[in-house]
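generate a structure from the sequence data that follows.
(chains A and B)
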Amino acid sequence: MSGPNRLNGGLIDRRTSVIFSFDGKTYQGHAGDTLASALLANDVRLMGRSFKYHRPRGVLTAGSEEPNALVELRSGARQEPNTRATVTELFHGLEARSQNRGFSLKYDFMAINDRFSNFLTAGFYYKTFMWPRAFWEKLYEPIIRKAAGLGSVSFEDDPDVYDKGFLHCDLLVIGSGPAGLMAALTAGRAGARVILAEEDFITGGRLNAETHTVDDMSGSAWAQAVMAELTSLENVRIMTRTTVIGAFDHGIYSAVERVSDHLAIPENGKPRQILWRIYSKRAVLAAGATERPIAFENNDRPGVMMAGAVRAYANRWAVTPHQQVAVFTNNDDGHRTAADLIAKGVDVTGVIDVRPDAPKVAGAELFAGAQVVNSTGRLGLKSVQIRLANGELRDLPCGALAVSGGWNPNVHLTCHQRGKPVWNETLAAFVPGGELPVGLSAAGAANGGLTTAAALKAGAGAAVQALSDLGIQAQMPDLPEAEDTPISLTPFWYVKEGKGRAWIDQQNDVTVKDIKLAHQENFRSVEHLKRYTTLGMATDQGKTSNMGGLAVMAELTGKSIPETGTTIFRPPYTPVSLGALAGRSVGKEFHPTRETPSHKWAAEQGAEFVEVGNWLRAQWFPKAGETHWRQSVDREVLQTRKSVGICDVTTLGKIDVQGKDAAAFLNKIYANAFAKLPVGKVRYGLMLREDGIAYDDGTAARLAEDHFVVTTTTANAVLVYRNMEFARQCLWPDLDVQLISTTEAWAQYAVAGPNARKLLQKIVDPEFDISNDAFPFMACGEITVCGGLRARLFRISFSGELAYEIAVPTRYGDALIRKLMEAGEEFDVVPYGTEALGVMRIEKGHAAGNELNGTTSAFNLGMGRMVSKKKDCIGNILSERPGMNEAGDLNIIGLRPVDPKDPIPAGAHLMNADGEISAKTDQGYVTSAAYSPVLGCSIGLAFLKGGADRMGEILRVSNPLEGTEIRAEVVSAHFVDPEGERLRA
Amino acid sequence: MRIKCPLCGERDRREFYYKGAAIDLARPAPDAGDVAWDDYIHNRENPAGRTKDLWQHEMGCSAWLVVERNTVTHEIYGVELAENVKRGMK
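As a prediction, the model looks like this:
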């Protein structure tokens, strides 16, 4: 025997012993046990302390609805808080610890909260910690955070892998009780693609927990027989340990499969959990029902449990929570617990039934018309006090009380879209109603059909109907013989007698009194009630408590329960670990990493990389002896301007534009004119949004009459391509033009500096003349390099130097950078990264992302005259609207510090030389700043009100955030080579 | 959510980029005046019920689509190629 409370029978494997520990003490259980059943078998009823009052608590249920028995499972990096002992499969070496306790579970100094419970009622935090305000962050919140809450986390990285997966089926069956098994069997036999998802680790649902027979077999044996047939069908996929957590649009369901939670560590290569997205044509919800408690004073002692759970522990796990058990019920189903326990030899000390006409019980004393009004036992139930029908009080000894207030169909998934459950008087419960998710039907207990026979029939019927919708003919199977006892129940929610606390929501420590207080303070709608008292929050989402809370509120407001209504059911049905939601998107895999064609080479050079969207780009290339990034960047800038430098610019977006109307199309896309660009020429282009704001710039090169290559900024590559496709398909579909993104197809390098041409002439094949006369500034052409490799050459310059961009098919990118560096050796060629690129463009006064920041117009950028007024292009109409081009608006300017030692802070605001510094007197702001090694001081680009006419003015550059202020002179944004002589050289 | 691309068939919502109301197809003439342009750029209905949206099958065939759907039930009534819709507007 594994533990003093083990009974005979059950679905556990007694030949396999499983050793585990709870709070450091070692116990023995069996394969097939849950942590909860194994603890009960070992006579452990106390499993945790409550959230707020640190009351001793034990297990209430035998399923995923458990509010109390939450433990910390495992240790080290795999430590997992708030794990429900009721659904934790026992495995060898399982370590569990109780939560929310002080020194030990039995002696918890925080239980002092229980003495102050009069102060800790609903709305306590809102009322108490209002004053003084400043105390909240430093004093109240840390104390509350420490005192409240459930388990703790390890703060270590989760070592396990989580996965995501996608499945398709004709019929998804959610739950494998009698209804679910019949639905799956009916559809499986008809040849439909079926997924049967079961939360538990064995199929059968309540059939495993009851003693009912199905045909001539035990329920669990019948379930196994059906499973044998389902397993033989290739079109049926059976997924145990899989909870369907949400119903989404168009037949999509999400489900969590706990692949390895029942193992100490996942098997090699297997994920811990998988988050499935299931695309179903039809679905049947056969998720069963959840039993609800009856509240009475001190009804939270360890040992007070749900009657159906006690029955499940006895029948499936061969465990009784105690040798003496009493039953408290308002319906016939509770009597089954008494009968099953008696049959297993447990002493049932009494059945307390609130109904005066309660049926007799064989083998136990019946107290008809009686109520349980109180209980005793500090760390575990010792006795209950009963108010008999004749008004007398009586103490009844029992170590466990099995409570049944009736069953609530698990309607959750039917409400995940617009479904609103409807009230069923017979069951005194909500059943699915309103608009169910399209394609979903409910069957069996989930639909209010609480008998086995009803469930079997409804499951088969739901499958036949669902398949018929899909044009698949399914035969209604022969229905087995099964119990079909009518439901007999008198609604009864809580015992009114008693001054102490009667617990409605044990997970959140919400009592009948708290609900009365919420009512008194006018938080009467169910949604307000939930937020004010926390009823129905946290990991169990009130599966055992919401109905009780609603019933109390309904009584107080004088409304019926259906008039009071339920809170909205939202996914997930049960808690989902963040790991499952993240899947493989963790760490470096959080987003894809794109490497440029020169990445390998750059890494060999020891480059520092920077993330630019998904791209990794070389930021600078440190040389031996350089200890600060500025030394590397300054060297790269100076050497490029002195001789020649090379930069990988592959990340810029490239869009191939082809067709008879390519020029006409680009004329509509760009704000400036493109129709007359000659073949063999490149033009700078500015793109506006339709509201007239500038959003991207780049170049368009005309390689042929009907062929352009457009470049975009790195950041906007996707956006520009998408917008161009929009313009092509949605605005001007009659233009004969086609687009394709070729960003990844071409490796592209900028070769810049006075020696750029000499360097390129060494690799460009001799039949192509790239002299200044033959290939002047803004020329482009298709050439070959290195003896026949096709390439594109563009004479464009971002740095302001004599510069080219050369592109080759991506697979030659690595070879080309090595070739260029080799050819450049005689010129002391330098590779430069994004920092030097940025410094040189600021020195040259080229606008970039900082300037095209979503608020600036072509006018602001000094390009107002570029915007064509003759043609219809995107953005030109609204770029003319009032307020866009007023004299005195922001203009782009350059800034040079009066004291060359002063750095210009990017983001600082410009203020007049004298006077107040305030938002009202604001003159503009700095967009880009850098140290210019050419000028030997910091420089900046800025937007300044009326800036074009303020050259030479001294301004204050104010950074109130960091309390700094410097003086700077307004200068032209073109710090280097304003005449453009170098780039034309 | 599933969208049936007229070129590729039924695909997951995540293959599609959502832009907004299909009014974006009705770009005013350059001389249509401030009110027409203001409406086109800034003003949108926010219907509880049937609406027409523009989506792009960005991770598929790149086609821009007009999707007629219900904002309350998320039912999709039909999907058309935007270029066909635009041609039909003339």
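
for the chain, what's the longest helix?
Answering for chain A, as no chain was given. With DSSP state H applied, the helix covering the greatest number of residues in chain A is identified as helix A:452-469.

not what I meant, chain B
Longest helix in chain B, counting by DSSP H: helix B:34-42.

how about the strands in chain B?
For chain B, the strands defined by DSSP state E cover B:2-5, B:9-12, B:17-21, B:50-56, B:64-70, B:76-81.

most tightly surrounded among the ones you listed?
Mean neighbour count (mean count of other CB atoms under 10 Å in any protein chain shown) peaks for strand B:64-70 among the strands of chain B, with a mean of 21. The C-beta positions use only the backbone N, C-alpha and C, and glycine is treated the same way.

list the contacts of that strand.
A:725-726, A:729-730, B:3, B:5-6, B:16, B:22, B:25, B:49-57, B:75-83, B:85 (CB atoms under 8 Å, 6 or more residues apart in numbering or on different chains).

what is the burial count for residue A:11?
Residues near residue A:11, counting by other CB atoms under 10 Å in any protein chain shown, number 18.

what about it, which SS state?
With DSSP: H, G, I helix; E, B strand; the rest coil as the basis, residue A:11 sits in coil.

so which residue of the stretch 1-150 of chain A comes closest to chain B?
Nearest residue of the stretch 1-150 of chain A to chain B, counting by CB to the nearest CB: residue A:64, 27.7 Å away.

give the closest residue to residue A:972 in space, chain neighbours not counted.
Excluding its sequence neighbours, the residue lying closest to residue A:972 (CB to CB, 6 or more residues apart in numbering or on different chains) is residue A:894, at 5.5 Å.

check which helix or strand covers the one you found.
Per DSSP states H and E, residue A:894 falls inside strand A:890-897.

same for that strand, what does it pack against?
Here strand A:890-897 touches strand A:924-932, strand A:937-945, strand A:954-959, strand A:964-971, going by 3 or more CB pairs under 8 Å, 6 or more residues apart in numbering or on different chains; DSSP states H and E.

other SSEs contacting the longest helix of chain A?
Applying 3+ CB pairs under 8 Å, 6+ apart, we find helix A:452-469 packed against strand A:162-174, helix A:178-189, strand A:273-285, strand A:440-442.

packing partners for the helix or strand just after it?
Proceeding C-terminally, helix A:452-469 gives way to strand A:503-505 as the next helix or strand, assigned by DSSP H and E. Judged by 3+ CB pairs under 8 Å, 6+ apart, strand A:503-505 is in contact with strand A:510-511, helix A:512-520, helix A:546-557.

most tightly packed of the ones you listed?
Between the helices and strands packed on strand A:503-505, strand A:510-511 has the highest mean count of neighbours, a mean of 28, where neighbours are mean count of other CB under 10 Å.

average pLDDT across that strand?
In this model, strand A:510-511 has a mean pLDDT of 94.

next one: stretch A:151-164
Stretch A:151-164 comes out at a mean pLDDT of 91.

does that stretch reach chain B?
No: Stretch A:151-164 does not reach chain B (CB under 8 Å from any CB of the partner chain); its nearest approach is 11.7 Å.

list the buried residues in that stretch.
Buried residues in stretch A:151-164, counted by 16 or more other CB atoms under 10 Å in any protein chain shown: A:151, A:158, A:160, A:161, A:162, A:163, A:164.

swap in stretch A:822-842?
Buried, per 16+ other CB under 10 Å, within stretch A:822-842: A:823-824, A:827, A:829-842.

now that stretch, how far from the centre of its chain.
Relative to its parent chain, stretch A:822-842 has a centroid offset of 43 Å by CA atoms, centre = their mean, to the nearest Å.

tell me the confidence at whichever residue of chain B sits closest to chain A?
Nearest to chain A, among the residues of chain B, is residue B:83, at 3.9 Å (CB to the nearest CB). Per-residue confidence (pLDDT) for residue B:83: 97.

do residue A:138 as well
Looking at residue A:138, the pLDDT reads 70.

in three-state terms, how would it be classified?
Under three-state DSSP, residue A:138 comes out as helix.

how close does it sit to residue A:113?
Separation of residue A:138 from residue A:113 (CB to CB, to the nearest Å): 22 Å.

who has more neighbours, the two?
More neighbours surround residue A:113 than the other of residue A:138 and residue A:113, with 21 against 9 (other CB under 10 Å).

name the element that one belongs to?
Using DSSP H and E, residue A:113 maps to helix A:112-115.
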